[in-house]
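Colleague: Return atomic coordinates for the entry below.
(chains A and B)
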There are 2 protein chains.
Amino acid sequence: MATKNWKELVAEKKDRQLSQIPKEWILNNLPPKEILNVVDFPEKCGLLSEQEIVITNTSVDQLLANLATGTWTAVEVTTAFAKRAIIAHQLVSCLTEVFIDRALRRAAELDEHLKVTGKVVGPLHGLPISLKDHVPIKGVEMTMGWASWVGQYSDKNAVIIDVLEASGAIPFVRTNLPQAIMWPETFNHVFGRTLNPYNRALTAGGSSGGEGALIALKGSPLGVASDIGASVRIPAAFHGLYGLRPSYGRVPYAGCLNALQGQEAVTFVLGPISNSLEGVKRFMKSVADQKPWTLDAKTIKRPWNEEEYSLADRGRGKPLCFAIMWHDEIVRPHPPITRALQLARDALLAAGHHVIDWKPLKHLEISNTVYTILGAGAKEDFEKVTTSSGEPIITTMDPSVDFNNSDPSAWPSMRLLENSLSAYEFWQAQMRRSVIRQEYWDHWNATASHTATGRPVDAIIAPCAPYVAPPHGKNTNINYTVFCNSHDYTALVLPSGLSVDPILDAKQPPHAFLSKMDKANYDLYDPATFKDAPVGIQLIGRTLGEEAVIAMGEIVDAALKAKTQSPSAHL
Amino acid sequence: MATKNWKELVAEKKDRQLSQIPKEWILNNLPPKEILNVVDFPEKCGLLSEQEIVITNTSVDQLLANLATGTWTAVEVTTAFAKRAIIAHQLVSCLTEVFIDRALRRAAELDEHLKVTGKVVGPLHGLPISLKDHVPIKGVEMTMGWASWVGQYSDKNAVIIDVLEASGAIPFVRTNLPQAIMWPETFNHVFGRTLNPYNRALTAGGSSGGEGALIALKGSPLGVASDIGASVRIPAAFHGLYGLRPSYGRVPYAGCLNALQGQEAVTFVLGPISNSLEGVKRFMKSVADQKPWTLDAKTIKRPWNEEEYSLADRGRGKPLCFAIMWHDEIVRPHPPITRALQLARDALLAAGHHVIDWKPLKHLEISNTVYTILGAGAKEDFEKVTTSSGEPIITTMDPSVDFNNSDPSAWPSMRLLENSLSAYEFWQAQMRRSVIRQEYWDHWNATASHTATGRPVDAIIAPCAPYVAPPHGKNTNINYTVFCNSHDYTALVLPSGLSVDPILDAKQPPHAFLSKMDKANYDLYDPATFKDAPVGIQLIGRTLGEEAVIAMGEIVDAALKAKTQSPSAHL
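Modeller: Sure thing, here's the model as predicted:
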């Protein structure tokens, strides 16, 4: 454990991070802070060759095809993404650990293997992969955003690293997250704040904000993020990406670190973020194909199920019944979100599917119960880490609060730290969660009476949040995502194809507010604030439904693209 | 909740229980208390007809065959088992709720269905089934052994009831358990103490002691028991029966009640006890075939896997590698247990399998961690129930302690009630458990280097306890079973075919004791004390390995039978 003061540790770590970045990739033509949308910058900055631009713009499936045929070498592909990742980092502060040398050594080995044997080592042969900063890699430093952990090097790979490497993937960078991984934005004392490249005045979301920003800038084709309440899905949605929150036990988590260790009710799951749905699918199938349950005691013995992916038990998808959650009875979403839901409805109806409304059930009680569970021992847990270095516990994502200088008593309080419980009280919260989970399951089953398919609703389409990426410090609502963690639902985020439009998404007159939160959310909205922000939506299936949810995601994605890319798009 | 004093409630309940028993089945020729072995009494008492004796001696698979062909009606079969269950109850106090009328109505419906359609309603058509007293049935009173709950009638079936009834099974009685279901013996203030029919001076074990004693007396062909630390397996072993502790999420638990609700780390699982391994298999397969995951949010989507049952990934069982745990490095088992393990070794070697020694890992730490987890909020939990009626919390299974009359301060303390924790402390215990679970997984994987099959050990063969059924109050050691709950291993109990033999199982000279517990266990042994007690053994496979464990159980069972039923048996 650290014995130095946290500020010394942070300074030391920042130096070390800079030393990991090849000097020739450090840019002196960075756009000024006032330039908010920097998505196009990597291709214009002059650092990337034509071919590197082509490579980094290529989707995962095509990358894998070109790597497998030797059209592109793993070294070429890794170099291209590494360069672009470093550009991205200089724009939006998305990286934590950079280990390009390690990656290039492995890439060279893979190239040699392919050359000698004519065979790939696995289904992800040569694919660079980024990882959120709580997935240990042997010999690589890991701070998880805690200043107190600066200088800790992992002595073992997390199981997912072994699994991905056996598949041929090449870890090359790790990405930023909020302190304690417990915020839906991305800021910590060590690595600072990750910005949204579509509009740097807006949050990248969190807790996998580093992944979201990096992949939006095409600095990585595929990222390993994680989700405890929103953390894969909010960054995916806020960057117009694809991201999956799998069920517990589907992707091996053994060996990963996080705050609140030992809290085993609502826990992190690893899940992919990618520029394409194919990237998400390749990740899930490749991981399952390595039989990760033989390595991780808590991973469920469940191979990739091609039959479920074919939707065989859902009439092969002809037709499906989707249910749209227009709002959660707590907060109505902003106009661009509602417009995306309407687009999804129209697109799916046009594709011949049934679409009904989803009736939410006890969402506020679910969220409150999760907060009670996570907060039951959070204070002791956080303090155990921070004591050694004096590092301030971050109690807001609001950038106007200065944790370096201001009076600690003036910092806002943090809901998670307010209510330590006894074990018995904690059990009562866990019981409430389980009871509502079963109620919601019955509620879902009961929809079979009005879907016109004879089956319960196949998937719910919902907002990811009641807004697109909001300004820094304003992402305070995880109600639209956290119920999936509480119920262990499979939840996929996909881009609607829309982004905020000042005319189509004009502010509406006030509605009858559902809650104080609803009023505050209404007041937050002004289309100008959210300029250029992409609009994601969420597709929610049931527990251990990864194959079906991905397959249904393909259907929704195709329907949306047919609408948004047709001549009548946006009408 | 009760407002009456607990003694009034108990008296009221005892009257009601008596009223549920058909008067003509109440015997006046019961053996005196001094007759310890009463296993043969049901067939000699005169109440059962010849055909009822035949029916109740028939194994589950043959019963189902005869029911499906209409050779025997469901009414006949249910009547036969109901009668024999009532006889059993008068011998060993194994029943709680008796609802024979309800069962016979359902049996008549099933008979009519078969007559009219020529078809069975499901794979368990007409099979009477007993259930431990924490599985609610709509309209049936359920006390779970708490005096404070007397008069509570369930308003809903547990999911397993719906699943079993859809399969054609007929619930007809519920069975006794200890107060709070938290003892490996069976005694509570409401229904008293269940005795072991092989030797009524010995315990039936627990917590599913009612099931064990009832099925040993053939008062039920198949019972739904449950296991949180030993509770299916100890009663199965102490009665020479087959019993399975499935992994979490394999058998639907939704709707069941238990103490420590909301403690979700080491929890109850439902599992079958039967006179035959085929009974265990039929239960598991029938349950899976009903897709219970569609009804219970926590049941894992996992159909019965015929390929794993065929041992396809284990060379189709030719040969397997078993590892024998001779002792757990805490307490050496008594001579009959060791003799059974030796028999299993010899039998498996003779059948062409590999047998190596199992090296235990941290078993005492595992047990202590489970106690810490279960005890973290147990005091508050128990007191919440007992306050309303003043019912004494049972702190020992020792029959010499009189909870009715003696001074409460003289009652022994109970380990589970001694250490209430904070939620944070509870998380630390959960974390220790998870860490050791992964260590044990790695430890098991590492055996691949010395199994001669190229695979890790296929299954561990271990004692269920360091003794056969001990005298009442003496069953204090669950170390041999609880590590499977902590690690979520699939664990099958099967009879070795042996029972205690005064000559072959003579007391041995003292060995170098492994612990104080080991010395106490040594001192407990005298073959005369354990007269007629059957010897069970445990076959342990990995998580979600039900199909493979049952298949391997068939191999072990056949090998044991080949040995014990050969002319050289017992040598």
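
Colleague: any idea how far A:Leu110 is from A:Trp304?
Modeller: According to C-beta to C-beta, to the nearest Å, A:Leu110 stands 23 Å off from A:Trp304. Heads up, the C-betas are built off the backbone N, CA and C, glycines and all.

Colleague: A:Arg174 falls within a strand, correct?
Modeller: Yes. Assigned with DSSP: H, G, I helix; E, B strand; the rest coil, A:Arg174 falls within a strand.

Colleague: in the sheet, who's paired with it?
Modeller: Beta-bridge partners recorded for A:Arg174 (DSSP bridges): A:Leu131.

Colleague: Neighbour count: A:Leu110 and A:Trp304, which is higher?
Modeller: Between A:Leu110 and A:Trp304, counted using other C-beta atoms under 10 Å in any protein chain shown, the more crowded position is A:Leu110 (25 against 16).

Colleague: same for the helix or strand where the more buried one lies, what does it pack against?
Modeller: With elements taken from DSSP states H and E, the one containing A:Leu110 is helix A:100-117. Packing partners of helix A:100-117 (3 or more C-beta pairs under 8 Å, 6 or more residues apart in numbering or on different chains; DSSP states H and E): helix A:74-92, strand A:170-175.

Colleague: Check which residues of the helix or strand hosting A:Leu374 are buried.
Modeller: Using DSSP H and E, A:Leu374 maps to helix A:363-375. Buried positions in helix A:363-375, judged by neighbour count with 16 or more other C-beta atoms under 10 Å in any protein chain shown: A:His363, A:Leu364, A:Ile366, A:Ser367, A:Thr369, A:Val370, A:Tyr371, A:Thr372, A:Ile373, A:Leu374, A:Gly375.

Colleague: quick check, nearest of those to A:Lys156?
Modeller: Of all those, A:Lys156 sits closest to A:Leu374, with 26.6 Å by C-beta to C-beta.

Colleague: so what's the closest one closest to, chain neighbours aside?
Modeller: Spatial nearest neighbour of A:Leu374, excluding adjacent residues (C-beta to C-beta, 6 or more residues apart in numbering or on different chains): A:Leu416 at 5.9 Å.

Colleague: Same check on A:Leu91?
Modeller: Excluding the flanking residues, the one nearest A:Leu91 by C-beta to C-beta, 6+ apart is A:Val38, at 4.7 Å.

Colleague: hang on, that neighbour in a helix?
Modeller: No. Under three-state DSSP, A:Val38 sits outside any helix and is assigned coil.

Colleague: hang on, isn't it packed against A:Asn199?
Modeller: No. Between A:Val38 and A:Asn199 there is no contact under C-beta atoms under 8 Å: 9.0 Å.

Colleague: How far off centre is the helix holding A:Leu110?
Modeller: Centre-to-centre, helix A:100-117 and its host chain are 29 Å apart (C-alpha atoms, centre = their mean, to the nearest Å).

Colleague: Then stretch A:261-281?
Modeller: Chain-centre distance of stretch A:261-281: 7 Å, with C-alpha atoms, centre = their mean.

Colleague: quick one: average pLDDT of that stretch?
Modeller: Mean pLDDT, stretch A:261-281: 98.

Colleague: winner for burial among the helices and strands packed on helix A:100-117?
Modeller: Mean neighbours per residue, mean count of other C-beta atoms under 10 Å in any protein chain shown, is largest over the helices and strands packed on helix A:100-117 for strand A:170-175, with a mean of 28.

Colleague: Please state the offset of it from the chain centre?
Modeller: Relative to the chain's own centre, strand A:170-175 is displaced by 15 Å; criterion: C-alpha atoms, centre = their mean.

Colleague: same check, this time on stretch A:446-458
Modeller: With C-alpha atoms, centre = their mean as the basis, stretch A:446-458 stands 30 Å off its chain's centre.

Colleague: Over to stretch A:315-324?
Modeller: Chain-centre distance of stretch A:315-324: 26 Å, with C-alpha atoms, centre = their mean.

Colleague: Can you report the mean pLDDT over the residues of it?
Modeller: Average pLDDT, stretch A:315-324: 96.

Colleague: Check the offset of stretch A:488-502 from the chain's centre.
Modeller: When distances are taken as C-alpha atoms, centre = their mean, stretch A:488-502 is centred 12 Å away from the chain's centroid.

Colleague: Ok, stretch A:75-91 next?
Modeller: How far stretch A:75-91 lies from its chain's middle: 20 Å, per C-alpha atoms, centre = their mean.

Colleague: one step back: what lies in contact with the helix holding A:Leu110?
Modeller: A:20, A:22, A:68, A:70, A:73-75, A:77-79, A:82, A:119-121, A:125-126, A:128, A:140, A:165, A:168, A:170-173 (C-beta atoms under 8 Å, 6 or more residues apart in numbering or on different chains).

Colleague: For it, give the mean pLDDT please.
Modeller: 98.

Colleague: Could you check the angle it makes with strand A:170-175?
Modeller: Orientation of helix A:100-117 against strand A:170-175 (axes from the mean of the first three to the mean of the last three C-alpha atoms, to 10 degrees) gives an angle of 160 degrees.

Colleague: mind checking the longest strand of chain A?
Modeller: strand A:490-499 (DSSP state E).

Colleague: Do a quick rundown of the strands in the stretch 351-500 of chain A.
Modeller: Listed in chain order, the strands of the stretch 351-500 of chain A (DSSP state E, counting those that start in this stretch) span A:354-357, A:459-462, A:490-499.

Colleague: Tell me which residue in the stretch 451-571 of chain A sits closest to chain B.
Modeller: In the stretch 451-571 of chain A, the residue that lies nearest chain B is A:Leu544 (4.6 Å; C-beta to the nearest C-beta).

Colleague: I misspoke; the intended subject was the stretch 201-350 of chain A.
Modeller: Closest point on the stretch 201-350 of chain A to chain B, by C-beta to the nearest C-beta, is A:Gly262, at 3.2 Å.

Colleague: doesn't B:Ser434 make contact with that residue?
Modeller: Yes. Contact criterion C-beta under 8 Å: A:Gly262 and B:Ser434 qualify, at 7.5 Å.

Colleague: Work out the gap between stretch A:93-109 and the centre of the chain.
Modeller: 21 Å.

Colleague: what do you get for stretch A:406-425?
Modeller: From the chain centre to the centre of stretch A:406-425 is a distance of 26 Å (C-alpha atoms, centre = their mean).

Colleague: Give me the buried positions along that stretch.
Modeller: Along stretch A:406-425, these residues count as buried under the neighbour rule (16+ other C-beta under 10 Å): A:Trp411, A:Met414, A:Leu416, A:Leu417, A:Ser420, A:Leu421, A:Ser422, A:Ala423, A:Tyr424, A:Glu425.

Colleague: Many thanks, I have nothing further to ask.
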